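Asker: Output the structure for:
(2 chains)
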Amino acid sequence: MDGVAHQLALGFLELLSPANAASLAVGLVVGMLVAVLPGLTLVMGVVLALPFTYGMGVTPAIVLLTAMYLSGTYGGAFTSILFRIPGEPLDVPLLWDGYPMARKGKPAQALGWTLVAALWGGIITAVSAVVLAVPFAKFALRFDAPEYFAVVAFGLSGVVALGGASMSKALVSLCIGLLLATVGVDDTYGAERFTFGVPILKDGVEYLTVMVGAYGLGEVLARMEQGFASPPMEGSGRIATRLPRWAEIWRLRATVARSSLVGLLCGIVPGAGATVGSFIAYGTEAQYGKKRDKLGTGIPEGILAPQVASTATVGGHMVPLLALGIPGSGATAVILGAFLLHGVQPGPQIFQTEARMVYTIFASMFASVVGMCLLGYFAIRPLVRVLALPEAVTSAFVALFCFVGAYSARNSTTDLWMIVIFGVVGYLFERHRFPVAPMVLGCILGPVAETSFMTSMIAYQNDWTVFFRRPISGVVMVLTILALAFPAFRALRQRARAKERVGTDAPSA
Amino acid sequence: MAAASPAWSQDHYPSRPIETIVPWGPGGGADQLARLTAKLIEPMLKTSFPVVNVPGATGATGMTKLLSGDADGYSMAIYIADTNALLAGPSPRWKLSDLQPVAVMMQVPSFLFVAENSPIKDWAQFEKEARAKPNTLKVATLGFGSVDDMTLTYLASKGIKVVEVPYAKPSERYVSVIGGHVDALYEQAGDVRQFINSKQIRPIIIFGKERLAAFKDIPSSYELGYHIALPQFRSYVVKAGTPPDRVKMLSDAMAKVAAEPEFKAFLDENFAAKGSFLPADKAEVYFKEQLADMKTAQEAAGTKKP
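Answerer: Numbering: from 1, shown residues only, chains lettered A, B, ... in the order given. Prediction:
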């Protein structure tokens, strides 16, 4: 342990070199900008930065990319909370509570909570990466297709939390999302599904268009219907960042602990990642949180859980990357590419052969977390001021952002039509009190669930019991079933209790 | 003056940036090639070469984008073996004659790998087990319809029957072999060099006409009597009908790129064949040969899979 502390201290010293410090700062700022723009995803941002690292030393190169990656999991929080545009898929759960809180006139508080969440998630992830890297890396190797399926199924079971009042409406919405995800050429056998002979549909429905359309554009349409009548937030410009008090945070320690664990585990598992982690953390909160009934109305639990988890996945991802050379996500795949370009081979031996560099990277994770939170702290004030503008003006910009985002993902004009369609769908959903969230969840997680299901079936002779026979997937599947059965069970019990009360109350009345 | 300027730009190709469509996601092999080539070719042709990622449908989405543009030499695409393999499948969206090859930049042979601690010692043992107990050994691949699939289908026609498990995501594919969930992995060596160098996996066979210097103890498919070698190639194409002088200019510049030390180092890192580069005219023949080989492999395997 002393050795680790000593190494880490050396790492911090190394980080003070001008090259390292400069790439850290640049990485943080660029990462945050990339995350704010929907369509320009985190992975894309890291890829665009890669050529600039060719000429650098290996340590500054990795420090730059890691800093981008970390702050990229945080930057999208701003647009999600203020404008209901998720900058990244991982920001979707964040807006379920973040946006209502902002609309209640507390945007600065909502952003304050994300800052705390990102700070905590980042610190816990950096600590775990340092302490757990070697023992935990082997854990990743126990995952195969059945485990990936189980984890995603657990993520999908979070739908019970997203329905609001009506469970049946939530399930309908989820199924629509899952169906949308099957459009196009199937991943396993290449069969065309629901394409109706139209070439446009062959490429499938990009989840980004559903996500940005149903949320961002749908919201603009809803406001247009009301003639942009809601008054601009008076005095929001005066509010500086409102950080939650220590006592408030302490009250939510259970939430923080749960989501940190979810985030770390989802990071270590190659098939999961920040998006799945963010959804599962929100779902877990909806199952076990004390205030689960109020979730979705704009409470801090709903902001903390997904943000803590998505930032916490970063360290989780770095573990199998460094210790085994396995990139668990698109961003870590690029970081691996940077290692290889510089002739460094990640793998079990790297902790001996390149200890200096490894611990500098770890040190840079700590520094990045602090840096991005400082950046966030000062960005909140000018950003919140935007809300003081007339609603019609902000809505125009939101629409513009949505279209730019949808186009830049695949450079396809088809996606512009898609986003209009899903904008209308999202608007109609809201109007008829149909939850949008399950549809978006289905679109994002559906393809992952399907592919891992098919792969499991092929690899294990079409034996469905494989999901329950393997230890890890078995445990997760049981949790999934419990998560789905629990609300039904609770409803039954409440009904029974209500009957009982009627029975006992009646005579006294 | 204003009327004269278009004529001037006609004469001076390239007078504006030339985009490279990468029909795959960022960070992959095709993307790395495009970005390195762009960096090296820019000073030669004195224009920029922006890279556009248009992933989807095994490269078909990107090809559609290329073919919907003008044949003016301002739009190129990366064309790889897996995309070429689509032409051997049912109802391809384009024909080989719709494309004008510019240059083949990389030819990378594929291998079967096993985990370092696998009980399977070498190819002889793998073959023996697969013949003794058909359809029990599992091999991780990119997916059905891919070059990986064709190679395994060919082997099955020779009595070596294995279960092919498709993993679309590279990370899952690699965990499957290192974690012992499958018995072997079909892959190009360059994509898994970190696992080879850190002694987590080892090759047992190379699919090619001869052995590779880096793995001189590993037998090649041809010497074992299996006439199958479908290397992963990565090339540049433009839309058919592009003026020949522009194609030649691009192809000549690519030849210079291929001779750069930085590019040679890139080939070595990826365990690509030394003589990978083929200019425009030879590339055209090469595509046709590869396609014929794939069709032969499929015919040898009998009826095609659904």
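Asker: Only C-alpha atoms from now on, for both contacts and neighbour counts.
Answerer: OK.
Asker: what sits against residue A:356?
Answerer: A:7, A:10-11 (Cα atoms under 8 Å, 6 or more residues apart in numbering or on different chains).
Asker: er, residue A:114 I mean
Answerer: Applying Cα under 8 Å, 6+ apart, we find residue A:114 in contact with A:74, A:77, A:303-304, A:307.
Asker: Counting neighbours, which bits of whichever helix or strand it is part of end up buried?
Answerer: Residue A:114 is part of helix A:107-140 when elements are defined by DSSP states H and E. For helix A:107-140, the neighbour count (16 or more other Cα atoms under 10 Å in any protein chain shown) marks A:107-130, A:133-134, A:136-138, A:140 as buried.
Asker: Have a look at the chain and report its longest helix.
Answerer: The chain I'm using is chain A. Ranked by residue count and defined by DSSP state H, the top helix of chain A is helix A:471-508.
Asker: nope, chain B
Answerer: Secondary structure of chain B per DSSP H: the longest helix is helix B:280-300.
Asker: Can I get stretch A:399-407 as PDB, trimmed to CA atoms?
Answerer: Only the C-alpha atoms of stretch A:399-407 are listed here, as PDB (Å, rounded to 0.1, in the frame of the first residue of the first chain):
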ATOM      1  CA  ALA A 399     -34.300  23.300 -32.300                       C
ATOM      2  CA  LEU A 400     -31.100  24.300 -34.100                       C
ATOM      3  CA  PHE A 401     -29.000  22.200 -31.700                       C
ATOM      4  CA  CYS A 402     -31.200  19.200 -32.200                       C
ATOM      5  CA  PHE A 403     -30.900  19.400 -36.000                       C
ATOM      6  CA  VAL A 404     -27.100  19.900 -36.000                       C
ATOM      7  CA  GLY A 405     -26.800  17.000 -33.600                       C
ATOM      8  CA  ALA A 406     -29.000  14.700 -35.600                       C
ATOM      9  CA  TYR A 407     -27.100  15.500 -38.800                       C
END
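Asker: Tell me which residue in the stretch 151-300 of chain B sits closest to chain A.
Answerer: Closest contact between the stretch 151-300 of chain B and chain A, by Cα to the nearest Cα, is at residue B:179 (4.6 Å).
Asker: Could I get the contacting residues of that residue?
Answerer: A:141-143.
Asker: what's around residue A:3, how many residues?
Answerer: 8 (other Cα atoms under 10 Å in any protein chain shown).
Asker: quick one: pLDDT of it?
Answerer: At residue A:3, the pLDDT value in this model is 72.
Asker: Please apply the same query to the one 3 residues further on.
Answerer: Taken from the predicted model, the pLDDT recorded for residue A:6 is 83.
Asker: what about residue 157, neighbour count?
Answerer: Unless you meant another one, I'm taking chain A. Residues near residue A:157, counting by other Cα under 10 Å: 24.
Asker: switch to chain B, that's the one I care about
Answerer: 16.
Asker: ok so, going back, tell me how far the residue of the stretch 151-300 of chain B closest to chain A lies from residue B:171.
Answerer: 12 Å (Cα to Cα, to the nearest Å).
Asker: again, but for residue A:107
Answerer: From residue A:107 to residue B:171 the distance is 39 Å (Cα to Cα).
Asker: next helix or strand past the least confident helix or strand in chain B by mean pLDDT?
Answerer: The helix or strand of chain B with the poorest confidence is helix B:4-11; it has a mean of 46 (mean pLDDT, DSSP states H and E). Where DSSP H and E defines the elements, the next helix or strand beyond helix B:4-11 is strand B:19-22.
Asker: does any part of that following strand sit near chain A?
Answerer: No - using Cα under 8 Å from any Cα of the partner chain, strand B:19-22 stays clear of chain A, coming no nearer than 10.7 Å.
Asker: how many neighbours does the residue in chain A that chain B sits nearest to have?
Answerer: Using Cα to the nearest Cα, the closest approach of chain A to chain B is made by residue A:141 at 4.6 Å. Residue A:141 has 23 neighbouring residues, counting by other Cα under 10 Å.
Asker: for the closest residue to it other than its chain neighbours, phi and psi?
Answerer: Nearest non-adjacent residue to residue A:141, counting by Cα to Cα, 6 or more residues apart in numbering or on different chains: residue B:179, 4.6 Å away. Phi and psi for residue B:179, reported as degrees, to the nearest 10, are phi -80, psi 0.
Asker: Residue B:205 too?
Answerer: Dihedral angles (degrees, to the nearest 10) for residue B:205: phi -150, psi 150.
Asker: That one is in contact with residue B:220, isn't it?
Answerer: Yes - if you go by Cα atoms under 8 Å, residue B:205 and residue B:220 touch, sitting 5.8 Å apart.
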